[in-house]
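Asker: have a look at this prediction, sequence included:
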Amino acid sequence: MMLCPATHCGQMMETDVRAGYDPDSGLECLFCPRCGHRGMKARTGVQLLFTGQHEYVFSYGPSLSHLKIVLSTVAINLFRTQGMPPTQLAAHVADWALLMGQVCGTVRFSGDLILSSCYEYCRREATKSPAVSSL
Ligand SMILES: [Zn+2]
């Protein structure tokens, strides 16, 4: 399940059974029972289509929408020291964007974002699964 992306929340999000699942986009609606934040989740997860230099393009489900994640060198190095490879970091940023309600377009994970909920979200993911460093 996904964690709430709101700053200082981190509650497990729950599926919104009324809004439910959209088979056209492959997205399902989630809400946070603690702070009320609403967002999306790709039911089958995000799939990496291709990578450029610091750029990672993801799609999800049957949707034709793409999310382009741009990572800064600072962000990549920061999370690499925590055992998270850039591709996985980019996937978490894509998950985060969906949770924030952004379903397409470009997301920049730059130095400014270190104080943001994106950074906090990825850090929580990094500490949640320390064993993935073998990837
Ligand atoms: Zn919340």
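Answerer: Nice, I can see it.
Asker: ok but residue 121 is inside a helix, no?
Answerer: Yes - residue state for residue 121 (DSSP: H, G, I helix; E, B strand; the rest coil) corresponds to a helix.
Asker: now the terminal residues of stretch 49-68, how far apart.
Answerer: 10 Å (CA to CA, to the nearest Å).
Asker: what's next to that stretch, contact-wise?
Answerer: Contact with stretch 49-68 is made by 23-27, 42-48, 69-73, 76, 86-87, 90-91, 94, 97-98, 102-107, as judged by CB atoms under 8 Å, 6 or more residues apart in numbering. Where C-beta positions appear, they are placed from N, C-alpha and C, glycine not excepted.
Asker: then stretch 14-30?
Answerer: Residues contacting stretch 14-30 (CB under 8 Å, 6+ apart): 1-2, 13, 31-33, 38-44, 60-63, 65, 98-99, 103.
Asker: if you set the cut-off to 6 Å instead, what comes out?
Answerer: With CB atoms under 6 Å, 6 or more residues apart in numbering as the test, stretch 14-30 has contacts from 13, 31, 33, 39, 40, 41, 42, 43, 60, 61, 62, 63.
Asker: got the buried residues for that stretch?
Answerer: 15, 25, 26, 27, 28, 29, 30 (16 or more other CB atoms under 10 Å).
Asker: sec struct for the residue positioned nearest the centre of the chain, please.
Answerer: A centroid search over the chain (CA atoms, centre = their mean) returns residue 95, at 2.1 Å, as the residue closest to the centre. Taking three-state DSSP as the rule, one finds residue 95 in the helix state.
Asker: coming back round to it: which ones among the contacts of stretch 49-68 map onto strands?
Answerer: Taking DSSP state E, the ones among the contacts of stretch 49-68 that sit in strands are 27, 42, 46, 47, 48, 69, 70, 71, 105, 106, 107.
Asker: which among the contacts of stretch 49-68 count as buried?
Answerer: Among those, the ones that count as buried (16+ other CB under 10 Å) are 25-27, 42, 46, 69-72, 76, 86, 90-91, 94, 97-98, 103, 107.
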